[in-house]
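Participant: Show me the folded form of this:
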Amino acid sequence: MISKLNFILFAIALLVEFNAFAQESTTRNPWQMKQEQFELFENVSVSELNNSPGSHPDYGALTLPGVSKSSNKPDNGASPQQGQFRFRAAPSHYLKDDPIVFPDQPGASHLHMFFGNTRADAYSEVGTGSQDDLLVRGASSVQGGKGANASAYWIPALLDGPLSGCDDQRKIILPDNIIVYYKTRRPAETQGGIPHGLEVIGGNLTHTPGQGMVHGMTITNSGGGNYRQGAVWGFYDPSRGLLVDPQPTIPKSNPKGYKWLRAVIAFPQCFAIEADGQVKLSSPNNLDHQLMLEDSQGYSQDNLICPDSHPYRIPRIELLIDFRWPENNDTSTWRLSSDMGADTAAKVPHPGGSLHGDILFAWNLMVGKSWKENCHNPSNPRNCSNGHTGTQWRLEGIDNRPMITNSVYTGNPYLSDPYDCEVSCPAAGTPCNDEDPNTTNDVENGNCNCKGTTINQSEQEICNLNMGITIDGSDSDWSQNSYSLSNKILGNVTSDDDLSAKFKAQWDSEYLYILVDVSDDILKNDSEKPHQDDSVEIYIDGDNSKNSSYDQNDHQLVFEYNNQTVYHYPKNQQNPTGITFAQTTTDSGYMIETKIAWSFIGIDPSINNKLGLDIHINDDDNGGDRDRKTSWNAKNDIAWKDTSVFGSLKLDDCNSSKVVSKTSFNIFPNPTKENLHIVLPNELKEKYLLKIHNINGALIETKWIKEKNFIIDIHELPSNLYFISITGKKHSFKAKFFKE
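Facilitator: Predicted coordinates for the structure are as follows:
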């Protein structure tokens, strides 16, 4: 039977999940494209499409139904001044996510309109093979669909209504037309293609020269000027086929009666190169790897050459987004979601002035080869519009419905804003409770949302030892909690038997002890490089500096299955002094147990010190190279060169007493056989971390609690003396109890 409390919690969780689904579903496919097209190839990877029957030997999925249709017109004629390639898109969904600026932080951004990949969100990545890889997950709302282009494009949502409006007062304004434009006056420089995972941000604040863009960013141009011709508003004149009356903010009037307000966003063309010669895909501030190609005055000059600092050139990309001019000629309440920061809560001084856009590239490189070779042909550049690729195959258009004509939306231009509030919102910064035990410092955001800061789940405390651990490849003398490796950063894991792992860690004055238990139903050791076989990788950042490169106390250790050698990188050593390990084969896989001297790591341990750590597992099922990989903390496979993706371990002294609050608390019965009842003072408001250690100092239970009166089930604990600690920011408590 479900208790009343459990039923209520279940109902609340179900309601929250339903509301999240309803909120997403109201903004998915807002043009109401035919569902079979909107979801086409959603569960098929791009690589699978390129290998499908009927695919082209050079252009892959381009020739498949749903990706293209045959055309007797490969392009729109010669284009001597510049190679051109254009295709149309439809809005896919709206989310308060930004995979580039706020990766892995859902809801952290202003509201964005996404187009392209239909499942793009805060967790999106490219080339990892994970469930969040754009090349694997989702369909696409651009011409050609996912088979041609799985990239994600997003811009701030255009809104109409009061800043503090409530239900049905603030609306999302849908575009009528989206065109993505790839062009270049120097096509010979662009034949390298746009690499998977390249992150690009374009746009500007043209009305405030020299000032930072949204998010406090400043996009730099190649000429060093302050003014940037990166984004502009105006009107689309169909008789001339171009933008007229350009201006930096949303126009207040339309004296010539144009049908469409057009927003144009241009993107950087020049990119830095890594030491290994590969294109630099991103940078810590999201901008340093890219440059706008402009003259010293900041005006676009596509015939310039990229500077030596950023020599890799891609085509000039522009987003052209057309919004229907309102029938009442009133745009006084129109603004971008990115205009609506906390510093402009009272008013928006420059509506539309924060116009910008982001792209996370995931082109099907084989399909991309078609328009690069033909439309951007250095010896014969062509004008390829509306999905023409310079070949007999033209990218499939957006399916027609009564409200979509020739890829132009003619339906209702307004969509209810699901993030609009239903009641008066508390002021931003007001303390609240988001009912999430994994967050702290919960406050209102001024938009009727209570949000806390996520507690870093990949920071754990490990206990010190009264005596060392025997390194024999077993867990017989371990009692520390284990931590699971849940991040899948390469390949598809079909089950826990296929690949899963957990690890434990403890310490003393001489060594760091680590035990890794791997479940793997097929074990291989047949490659020259240990990381290409079944193996365990232990990454250590001695001073927890989280640098983007290795220093003297950073280490990568690789323990290969059925191999008595430990490999130490980046020093390329084997079996270095200071490391002892043993491994054994288990019923479900294998186990690695090691102790690593602090002298090898390069630090002196002390209580409360933090140590950077990550654990990775490589899995090879069929010989040759590895097939999949999991990790404890890193979301991408860059830990071998970047310590910022490591988690953290705090060296705890589980045997010493801490200062205890004078505020009393009660535990009963004591001794106890089944349950331990804990009562905290009612005046306490904070969250607490509860820990239980055994008499040897091993941590056997840890959990976040918010209740003042709760019961812990301890009937499975062996009879013995135990120590309980309850710690918050302002108060802490300690007590002993005896389990009979």
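Participant: can you give me the helices in the stretch 451-600 of the chain?
Facilitator: Counting by DSSP state H, counting those that start in this stretch, one finds helices in the stretch 451-600 of the chain at the ranges 598-601.
Participant: Below-threshold pLDDT in it: ranges please.
Facilitator: 451-458, 466, 479-481 (pLDDT under 70).
Participant: Kindly recompute the last result at 50.
Facilitator: Scanning the stretch 451-600 of the chain with the threshold set as pLDDT under 50 gives 454, 457.
Participant: what about the strands in it?
Facilitator: In order along the chain, the stretch 451-600 of the chain carries the following strands (DSSP state E, counting those that start in this stretch): 459-463, 483-484, 487-490, 500-507, 511-519, 535-541, 554-560, 566-569, 573-574, 579-585, 589-597.
Participant: same check, this time on the stretch 251-400 of the chain
Facilitator: Counting by DSSP E, counting those that start in this stretch, the strands of the stretch 251-400 of the chain are 260-266, 270-271, 290-291, 312-313, 316-324, 334-336, 356-360, 383-384, 393-395.
Participant: Let me know which of the ones you listed is the nearest to Gln506.
Facilitator: strand 356-360 (40.5 Å; C-beta to C-beta). Where C-beta positions appear, they are placed from N, C-alpha and C, glycine not excepted.
Participant: what are the pairing partners of that closest one, and which direction each?
Facilitator: Here strand 356-360 has these sheet partners by DSSP bridges: strand 152-156 (antiparallel), strand 199-203 (antiparallel).
Participant: who wins for proximity to Asn117 among those?
Facilitator: The nearest among the strands paired with strand 356-360, by C-beta to C-beta, is strand 152-156 at 4.4 Å.
Participant: Which strands border the next helix or strand after the closest one, and is each parallel or antiparallel?
Facilitator: If you walk from strand 152-156 toward the C-terminus, the next helix or strand you reach (DSSP states H and E) is strand 158-160. Within its sheet, strand 158-160 is paired with strand 171-173 (antiparallel), strand 334-336 (antiparallel), according to DSSP bridges.
Participant: Given whatever helix or strand comes next after the first one, what are its sheet partners and their directions?
Facilitator: Next along the chain after strand 171-173, taking DSSP H and E as the criterion, comes strand 177-184. Strand partners for strand 177-184, identified by DSSP bridges, are recorded as strand 83-89 (antiparallel), strand 316-324 (antiparallel).
Participant: quick one: strand 177-184 to strand 260-266, angle?
Facilitator: Using axes from the mean of the first three to the mean of the last three C-alpha atoms, to 10 degrees, the interaxial angle of strand 177-184 with respect to strand 260-266 works out to 30 degrees.
Participant: Go ahead and name everything in contact with strand 177-184.
Facilitator: Surrounding strand 177-184, the residues in contact under the criterion C-beta atoms under 8 Å, 6 or more residues apart in numbering are 82-91, 115, 142, 153, 190, 260, 269, 302, 313, 315-322, 371, 376, 407-409.
Participant: Please apply the same query to stretch 122-130.
Facilitator: Residues beyond stretch 122-130 that count as contacts (C-beta under 8 Å, 6+ apart) turn out to be 95, 97-99, 102-109, 117, 132-136, 152, 196-197, 360-362, 488-492, 628, 635-637.
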